[in-house]
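Undergrad: just the structure for this:
(one chain, ligands or ions: 1)
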Amino acid sequence: MDTSTAIRVEGLRQRYGDFEAVAGISFEVRTGELFALLGTNGAGKTTTLEALEGHRAVHEGTVRVLGRDPHRERRAVRPRIGIMLQEGGFFADLTVAETVDHWRGFTPAPRGRDEAVALAGLTEKAGVRVRQLSGGQKRRLDLALALLGRPAVLFLDEPTAGMDPEARHTTWKIVRDVVASGATVVLTTHYLEEAERLADRLAILHRGRIKTSGTVGDVVAGYGDRISFQLPGRVRVAELPALGGARADITVDGGRTVASYTVTGTGLQAGLYDLLRWAEEERVPLDGLQARSASLEDVFLRTAAEGTTR
Ligand SMILES: Nc1ncnc2c1ncn2[C@@H]1O[C@H](COP(=O)(O)OP(=O)(O)OP(=O)(O)O)[C@@H](O)[C@H]1O
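TA: Reported below is the predicted structural model:
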């Protein structure tokens, strides 16, 4: 087996009855990297994750986790992977410590109870019943359980859904530490900032297909930098300069007319320089001037808005 590749997916298709939820996707996850699956609601992220986890047989294509078929060779693969589901199933009357103890009983060579509780930042809650935990704390308990067996590959399905910003940052730190310790992580998320901060590489799924993939830099490249400002009343659209060859798009937002440019090629700095020189020469004020690089959100929204051939 090639040990530099932890996960290989080739031509995966998954159906529910006649409905094709995953329509032929391929990607690889390298050992020790964090790979994020992003996508609109119903894009096929959870379905893909379930195939990787071995929960569902593959309808078409190939899935390999640590060189093996996770469904057919479940007994070999399962002890080496950790899974954090969207909805963890707990006994509400057990305490955090009792829950961890319970799961340690099913886990080969588990972490110590206190270590697992501390890893999830729940030491102060060790004696508290699960029913009394907040939603975010329950998610972290779920993460602790997924990490009990020191998995080589960790699957996280929307690990920070419903968490407040502080809890989310704490969880990101835990996940970063897991990756730093050498584990491979695949996560799904709706939080683009989460992917931007954590992912070595990512794929954006839309209606069962991968629309784009790569590092955040790869994915946003080609989407252009954005410059926008409020169009002064006395300037006619035809008088606006071209920036790096780009013409302004005009939108009306809350009664204000906004001119925005998507600048590719010469880049943000050169485009901004041309705009400021023009404004100086024409004595035009640039109220609400904004200049920023393309973000994952720009790519995501554009991808989600695109039709597909399905
Ligand atoms: N058990 C099922 N039976 C029938 N259709 C299903 C089933 N599970 C999922 N689907 C459909 O398959 C598609 C993909 O669902 P999936 O849960 O994989 O998407 P997702 O990207 O994880 O979505 P979300 O971000 O909303 O969680 C959706 O259209 C969904 O309605």
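Undergrad: now the strands for the stretch 201-310 of the chain?
TA: 201-206, 209-214, 225-230, 249-253, 256-263, 290-292 (DSSP state E, counting those that start in this stretch).
Undergrad: what are the pairing partners of the last one, and which direction each?
TA: What that stands for is strand 290-292. strand 225-230 (antiparallel) (DSSP bridges).
Undergrad: tell me the mean pLDDT for the strand it pairs with?
TA: Mean per-residue pLDDT for strand 225-230: 92.
Undergrad: low pLDDT regions in the stretch 51-200 of the chain?
TA: Within the stretch 51-200 of the chain, the stretches with pLDDT under 70 are 85-88.
Undergrad: which single residue in the stretch 201-310 of the chain comes nearest to the ligand?
TA: Leu205 (6.4 Å; C-beta to the nearest ligand atom). Using the backbone N, CA and C atoms, a C-beta is placed for each residue, glycine as well.
Undergrad: that residue: neighbouring residues, count only.
TA: Neighbours of Leu205 under the rule other C-beta atoms under 10 Å: 26.
Undergrad: my guess is it contacts Thr46, does it?
TA: No: with contact defined as C-beta atoms under 8 Å, Leu205 does not count as touching Thr46 (10.5 Å).
Undergrad: now the strands for the stretch 51-200 of the chain?
TA: 60-65, 81-84, 153-157, 184-188.
Undergrad: how many residues are close by Arg177?
TA: If you look again at residue 177, you'll see it is Asp, not Arg. 12.
Undergrad: tell me how far it lies from the ligand.
TA: 26 Å (C-beta to the nearest ligand atom, to the nearest Å).
Undergrad: how much space between that residue and Thr107?
TA: 19 Å (C-beta to C-beta, to the nearest Å).
Undergrad: go on, Gly89?
TA: Applying C-beta to C-beta, the value for Gly89 to Thr107 is 16 Å.
Undergrad: neighbour count for those two, which is higher?
TA: Thr107 (17 against 6).
Undergrad: hang on, the more buried one packs against Pro151?
TA: No: the criterion here is C-beta under 8 Å, and Thr107 misses it with Pro151 at 9.8 Å.
Undergrad: who's in contact with Ala259?
TA: 228-231, 237, 240, 248-250 (C-beta atoms under 8 Å, 6 or more residues apart in numbering).
Undergrad: could these go into a markdown table alongside distance to the ligand and neighbour count?
TA: Converted to a markdown table, the contacts of Ala259 look like this (distance: C-beta to the nearest ligand atom, whole Å; neighbours: other C-beta atoms under 10 Å):
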| residue | distance to the ligand | neighbour count |
| --- | --- | --- |
| Ser228 | 30 | 20 |
| Phe229 | 36 | 21 |
| Gln230 | 36 | 15 |
| Leu231 | 38 | 24 |
| Val237 | 39 | 11 |
| Leu240 | 40 | 19 |
| Ala248 | 35 | 20 |
| Asp249 | 30 | 11 |
| Ile250 | 34 | 12 |
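Undergrad: and of those, the nearest to Ala304?
TA: Asp249 (18.9 Å; C-beta to C-beta).
Undergrad: with Val263 as the reference, measure out to the closest one.
TA: In this view, Asp249 and Val263 are 12 Å apart by C-beta to C-beta.
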